[in-house]
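Student: Quick one, structure for this:
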Amino acid sequence: MMPTREEAENLLKEAEICNPGPWGNHSRVAAHCAEKIAMACKDLDSDTAYILGLLHDIGRKFGVRHLGHVSDGYTYMLSLGYDRVAQICLTHSFNNQTTKEYIGNFDTTEEELELINDSLAVVKTDDYDRLIQLCDALAGSEGVLDIEKRMEDVRQRYGYYPKSKWDSNMKLKAYFEAKAGKSIYEVVGRVHIDRKNPVY
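Tutor: Numbers count the residues shown, from 1 in each chain. Alright, predicted model coming up:
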């Protein structure tokens, strides 16, 4: 089951009240990118892509966490019956379905980490999972970013960026460019998010 666009937008707004921050607008940019790319691909639904992009980081509703936001989002969406969104909350940070590539603090309980690892081990990903992984790497909080510059920025902030994750992001970019028949940046265009007056 999936929320409607309006329901997804309301879920994000409510989450931002609980934990304000740039992650909300990052989610809006990811949703914009996902929708535009889906529109350029014959076998993807743009509404589904938009909703999944908008809610991929919804676990941040529950506070400032790193890996913890994955388990928070996954369990939250499952509790609402939104299984497909829950899967995106789980997979968006793990291009190769392993927490070994995670960039950030492992701030989960043992039970939360076990939930993430066990779920990743059995989940069957598809092009929507891959699309949101790509859009997560393209989306800044104020607009679309060059994917390589974004990854380099992350590497400078955290001191590392796994080569396997870097390579997989570039493969995702090439994969969706082949599906769309044009440059990803041409597909998504430019979007600017006004922090005070977010638009969808």
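Student: which residues in the protein form helices?
Tutor: 5-18, 23-40, 46-55, 68-79, 83-91, 110-122, 127-138, 147-158, 163-180, 184-188 (DSSP state H).
Student: And the shortest one, what does it pack against?
Tutor: Of the remaining helices and strands, those touching helix 184-188 by 3 or more CB pairs under 8 Å, 6 or more residues apart in numbering; DSSP states H and E are helix 23-40, helix 127-138, helix 163-180. (Each C-beta comes from the backbone N, C-alpha and C, glycine too.)
Student: Tell me which residues are up against the shortest one.
Tutor: So that's helix 127-138. 29-31, 33-34, 37-38, 41, 43-44, 48-49, 52-53, 56, 84, 87-88, 91-93, 95, 144-145, 147, 150-151, 168-169, 172-173, 175-176, 184, 188 (CB atoms under 8 Å, 6 or more residues apart in numbering).
Student: Would you mind writing the CA trace of it as PDB?
Tutor: Backbone C-alpha positions of helix 127-138 (Å, rounded to 0.1, in the frame of the first residue of the first chain) are rendered in PDB as follows:
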ATOM      1  CA  ASP A 127      14.200   0.100 -10.300                       C
ATOM      2  CA  TYR A 128      12.400   2.200  -7.800                       C
ATOM      3  CA  ASP A 129      15.000   1.300  -5.100                       C
ATOM      4  CA  ARG A 130      17.700   2.100  -7.600                       C
ATOM      5  CA  LEU A 131      16.000   5.300  -8.600                       C
ATOM      6  CA  ILE A 132      15.800   6.700  -5.100                       C
ATOM      7  CA  GLN A 133      19.400   5.700  -4.400                       C
ATOM      8  CA  LEU A 134      20.400   7.800  -7.400                       C
ATOM      9  CA  CYS A 135      18.200  10.700  -6.400                       C
ATOM     10  CA  ASP A 136      19.500  10.600  -2.800                       C
ATOM     11  CA  ALA A 137      22.900  11.200  -4.300                       C
ATOM     12  CA  LEU A 138      21.700  14.000  -6.600                       C
END
